[in-house]
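Enquirer: Let's see this in three dimensions:
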Amino acid sequence: MENKNKCVFLDRDGVLNVERGEYTFRVEDFQVEEGVGEALRKLKEAGYLLIVITNQAGIAKELYSREDVLACHEKLQKETGNLIDALYYCPHHPLKTESLARKPEPLMFERAIAKYGVDPEQSWMVGDKERDLIPSRLLGLRGIRVDWDGGETISDYQAKNLLEASEIILNQRED
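Expert: Residues are numbered from 1 along each chain as shown. Sure, this is the predicted structure:
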């Protein structure tokens, strides 16, 4: 299959939902960031696939279950109009289980690119940590770091939140 689809890959914690500084796995603690619904709607209207790529190491650490993660993802979809096309999560942590799926490794991205026919050159990664953006570099995606503290970053752009990141994406001219 030819890769023709453009996609915005999204980290979860700190991009889509409020980063609490601890694991967010209870639905009642899962708070969608302000402007996320609007940002996702604008990106979807512009023809982007929206795919979440998130590490969920608390599963390997036995702090919470896959069902907890899925319940949070269900709340995210409900509060943002079911605009997200796919949610990939890695349940592993190096202290418990090794995995090539865990960011910064690119396996979750590679799986989504293959499944959805994504063209990396037309696609983006939005994350709040460097480990989110390392795979974007490896795969030829443009990267935006949100909630950037002003330190060094490998991202192509910086934004204060997903809404601002969506404006950067939508204002780029395609060659």
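Enquirer: what's whichever helix in the chain runs longest in contact with?
Expert: The helix that spans the most residues within the chain, counting by DSSP state H, is helix 66-79. With CB atoms under 8 Å, 6 or more residues apart in numbering as the test, helix 66-79 has contacts from 12, 16-17, 24-27, 30, 32, 37, 52, 56, 59, 83-84, 87, 89, 91. From N, CA and C alone the C-beta is placed, and that goes for glycine too.
Enquirer: Looking at those, which are in strands?
Expert: Judged by DSSP state E, the subset of the contacts of helix 66-79 located in strands is 52, 87, 89.
Enquirer: Which one (most neighbours) among those?
Expert: V52 (22 neighbours; other CB atoms under 10 Å).
Enquirer: Double-check that I144 belongs to a helix.
Expert: No - using DSSP: H, G, I helix; E, B strand; the rest coil, the assignment for I144 is strand, not a helix.
Enquirer: quick one: contacts for L138?
Expert: Counting by CB under 8 Å, 6+ apart, L138 makes contact with P106.
Enquirer: tell me which element it is part of?
Expert: Assigned by DSSP states H and E, L138 falls within helix 130-139.
Enquirer: That helix: how far from the chain's middle?
Expert: 11 Å (CA atoms, centre = their mean, to the nearest Å).
Enquirer: In this structure Y157 contacts G143, no?
Expert: Yes - the pair Y157 / G143 is scored as a contact, 7.4 Å apart, by CB atoms under 8 Å.
Enquirer: where do the helices sit along the chain?
Expert: Using DSSP H, helices in the chain cover 36-45, 66-79, 107-116, 130-139, 162-170.
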